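# okay, here's the prediction I keep looking at, along with the sequence it came from:
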Amino acid sequence: MSDRSSAILDAAIAVIARRGVRGLRVEEVAAEAGVATSLLYYYFENRNGLVRATLDHANERAATKAAPNHRSGREAVERALLSELDEGAGVRDTSVVWGEVLASAVFEPELRDQLRAATRTWAELIAGAIREGLDDGSIGAGVDPDACADRLTALVEGLSARWLAGVVEREAAQAMLAEAIAVELGRPDTGRT
């Protein structure tokens, strides 16, 4: 991805975080990125292409943020999921984009396949960390990685939406998520070395 298209997508994330997908105007994204509107159409063809590319870009940013820097599979799961409720503006903006595209997919079926793929990719990332934890003994034996990842990522989406809407404080959402992670992952297999 070129620096220009990356800057445009960063600008689109910022605009969606302020105005939502329905309030997204190509001209505002261009102004935010400091480029001509025609350049957005060159890279993304139309507004829907820009929204789809923005979702991909937001997911890439989130995956980079949760890159491996852990001692166990359990820590990888905890870090990846709890980081979705961090205080930083980048996290908040990415969460807003995800929630906005999710809500828009109810009315715009052309977004559903991409959203389904992005959801699957995220769940697979978490399931991989769970498998790592099963292998290293930090996650209790008998945990189904795929089912557990689906439940935990769905919970993050719900808690994130509640946090962003002001229904629950971020710290309370983090506490609920941490408790759910502990229950889902079970006790570490202490008999392993």
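Perfect, thanks for sending it. Bear in mind that the values here come from a model prediction, so they are computed numbers and not experimental data.

# got the phi and psi for residue 106?
With angles defined as degrees, to the nearest 10, residue 106 sits at phi -60, psi -40.

# and if you look at residue 138?
The phi/psi pair for residue 138 (degrees, to the nearest 10) is phi -80, psi -10.

# tell me how far the lengthiest helix in the chain lies from the chain's centre.
Counting residues, the longest helix in the chain under DSSP state H turns out to be helix 112-136. Mean C-alpha position of helix 112-136 versus that of the full chain (CA atoms, centre = their mean, to the nearest Å) differs by 11 Å.

# show the subsequent helix or strand relative to that helix.
On the C-terminal side of helix 112-136, the nearest following helix or strand under DSSP states H and E is helix 145-164.

# show the subsequent helix or strand relative to that next one.
helix 170-185.

# so what secondary structure elements neighbour that following helix?
helix 73-82, helix 145-164 (3 or more CB pairs under 8 Å, 6 or more residues apart in numbering; DSSP states H and E). C-beta: built from backbone N, CA, C; applies to glycine.

# CA atoms of it as CSV?
Extracted C-alpha coordinates of helix 170-185, given in CSV (Å, rounded to 0.1, in the frame of the first residue of the first chain):
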residue,chain,number,x,y,z
ARG,A,170,-14.3,1.4,29.8
GLU,A,171,-12.8,0.1,33.1
ALA,A,172,-16.0,-1.9,33.8
ALA,A,173,-16.0,-3.3,30.2
GLN,A,174,-12.4,-4.3,30.7
ALA,A,175,-13.2,-6.0,34.0
MET,A,176,-16.1,-8.0,32.5
LEU,A,177,-13.9,-9.0,29.6
ALA,A,178,-11.0,-10.1,31.8
GLU,A,179,-13.4,-12.2,33.9
ALA,A,180,-14.9,-13.8,30.8
ILE,A,181,-11.4,-14.6,29.4
ALA,A,182,-10.5,-16.3,32.7
VAL,A,183,-13.6,-18.4,32.7
GLU,A,184,-13.3,-19.3,29.0
LEU,A,185,-9.6,-20.2,29.1
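
# can you list the helices and strands packed on helix 170-185 in CSV and add distance to residue 98?
Supplementary listing: these in CSV, determined by distance: least, CB to CB, whole Å:
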stretch, distance to residue 98
helix 73-82, 14
helix 145-164, 7
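
# how about the longest helix of the chain: buried residues?
Using 16 or more other CB atoms under 10 Å as the test for burial, helix 112-136 gives 114-115, 118-119, 122-123, 125-134, 136.

# show me where pLDDT drops low in the protein?
1, 62-70, 89, 190-193 (pLDDT under 70).
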